[in-house]
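[1] pasting the sequence and the predicted model now:
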Amino acid sequence: MRRMIHPSEFGALRAFAAVAEQRSFSRAAEQLGVSSSALSQLIRGLEERLGIRLLHRTTRSVSLTEAGTALLAEVAPAIDSLAGALEQARSAARQPTGTVRLHCFHAAADRFVVPILPKLACAFPDITLDLTIDDMVVDLVGSGYDAGIRIGELIERDMVALRLGGDIRQLAVAAPAYLAEHGVPQTPKDLLQHRCIRWRWPGQPGPYAWEFFEKGHWFSVAVEGPLITTSRAVMVDAALAGVGIAFLKEESVVDAFARGELVPLLTDWSVPFPGYYLCYPQQRQMAPALRAVIDTIHAAAPN
């Protein structure tokens, strides 16, 4: 177990080392920014606590006793080490350095993080971004992350949240071949009669129930179908192949709409909702590296 040192003794030892180095109370006092009388009291108090004289004092000179010489040999390297550590801390505050752990969903990483990686590496070469990309909903703080990117409805209340980009809209979509064979659903309830491609949050036991909006309220439909997956890319491919109806972010399939490969369905029941946020725990003193990452992502995010 480490032996504890009273806080006052740090100051006394620093004062002793300064006097020993300068061989003068007046010069040491000037170096430390204190009065000679205050410095003398610090040394006298240290000697009294130790029960031994550390300095020989005359009106003209100061010299070390044998005990003082031995103590200086022990404490001087430690004081130098502490001074170096403090300077490193000050340097870290001036130039962001260290590792920042960030968790985000696949779509958020592609949209907000991957594009800023070259800029981040160039502007902050001493920062290491430890990026975890998956669609699990994790406890950011409990899992050791510094920050995360997730949709608004999944942010803990005690988090600071910065908006990234605009709203998100999810749509039921299907290939023309599927609709030609199985018909077009006219209401969300009609989906219960269709083959649907379902998505499951990683780590969750069951598939996600599709959410729609009508008359000021959200409601969900627990669809059925031949495929459940945790991969949105697989959902897109399956929908394109005519396996069934999928429920996907509009931005991920606009090109397929333009090419006529997929058809949007039930658009009157599909309204936008708050999209992605960069979130992190409230803190008085934010590490410069984390601040640099947050500012870089937020500044580059499309409106």
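    Ah, there it is.
[2] what comes up buried for stretch 201-220?
    Judged by neighbour count (16 or more other C-beta atoms under 10 Å), stretch 201-220 contains these buried residues: Pro207, Trp210, Glu211, Phe212. Heads up, the C-betas are built off the backbone N, CA and C, glycines and all.
[3] give the bridge partners for the third one, please.
    So the one you mean is Glu211. Ser220 (DSSP bridges).
[4] spit out the contact partners of it.
    Neighbour list for Glu211: Gln170, Trp218, Phe219, Ser220 [criterion: C-beta atoms under 8 Å, 6 or more residues apart in numbering].
[5] mark out where each domain of this structure begins and ends.
    Following automatic domain parsing, the chain resolves into domains at 7-94, 98-167+275-300, 170-269.
[6] chain neighbours aside, what residue packs nearest to Gly98?
    Among residues not flanking Gly98 along the chain, Ala289 sits closest, at 4.4 Å (C-beta to C-beta, 6 or more residues apart in numbering).
[7] likewise Val223?
    Closest to Val223 by C-beta to C-beta, 6+ apart is Cys196, at 3.9 Å.
[8] pLDDT score for that neighbour?
    Listed pLDDT for Cys196 reads 97.
[9] how far off centre is stretch 250-261?
    Chain-centre distance of stretch 250-261: 33 Å, with C-alpha atoms, centre = their mean, to the nearest Å.
[10] between the two ends of that stretch, how far is it?
    Between the start and the finish of stretch 250-261 there is a gap of 14 Å, counting by C-alpha to C-alpha, to the nearest Å.
[11] give the buried residues for that stretch.
    Buried residues in stretch 250-261, counted by 16+ other C-beta under 10 Å: Glu250, Ser252, Val253, Ala256, Glu261.
[12] phi, psi of the second one?
    To tie it back to what came earlier, the one meant is Ser252. phi -80, psi -10 (degrees, to the nearest 10).
[13] contacting residues around it?
    Ala107, Arg232, Val236.
[14] please pick the buried ones from those.
    Ala107, Arg232, Val236.
[15] need those residues in TSV with secondary structure, distance to Ala180 and pLDDT, can you?
    Converted to TSV, the buried ones among the contacts of Ser252 look like this (DSSP: H, G, I helix; E, B strand; the rest coil; distance: C-beta to C-beta, whole Å; pLDDT from 0 to 100):
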residue	secondary structure	distance to Ala180	pLDDT
Ala107	helix	30	87
Arg232	helix	25	88
Val236	helix	20	95
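[16] ok, the residues you listed vs Val34, which is closest?
    Closest to Val34 out of those is Ala107 (59.8 Å), distances taken as C-beta to C-beta.
[17] pretty sure that closest one contacts Leu248?
    No - under the criterion of C-beta atoms under 8 Å, Ala107 makes no contact with Leu248, lying 10.3 Å away.
[18] any residues in contact with both of these two?
    In contact with both Ala107 and Leu248: Arg232, using C-beta under 8 Å, 6+ apart.
[19] show me where the chain has strands.
    55-57, 62-64, 98-104, 127-133, 147-151, 159-164, 170-174, 196-199, 210-214, 217-221, 227-229, 245-249, 263-265, 276-281 (DSSP state E).
[20] minimum distance to Asp80: which of these has it?
    Nearest of the strands of the chain (C-beta to C-beta): strand 62-64, 17.7 Å.
[21] mean confidence score for that closest one?
    Mean pLDDT, strand 62-64: 82.
[22] buried ones in it?
    Residues of strand 62-64 classed as buried: Val62, Leu64 (neighbour count, 16+ other C-beta under 10 Å).
[23] and that strand, what does it pack against?
    strand 55-57 (3 or more C-beta pairs under 8 Å, 6 or more residues apart in numbering; DSSP states H and E).
[24] still on that earlier bit, what about the residue nearest to Gly98, how many residues nearby?
    21 (other C-beta atoms under 10 Å).
[25] got the contact list for it?
    Contacts of Ala289 (C-beta under 8 Å, 6+ apart): Pro96, Thr97, Gly98, Thr99, Val100, Phe124, Asp126, Ile127.
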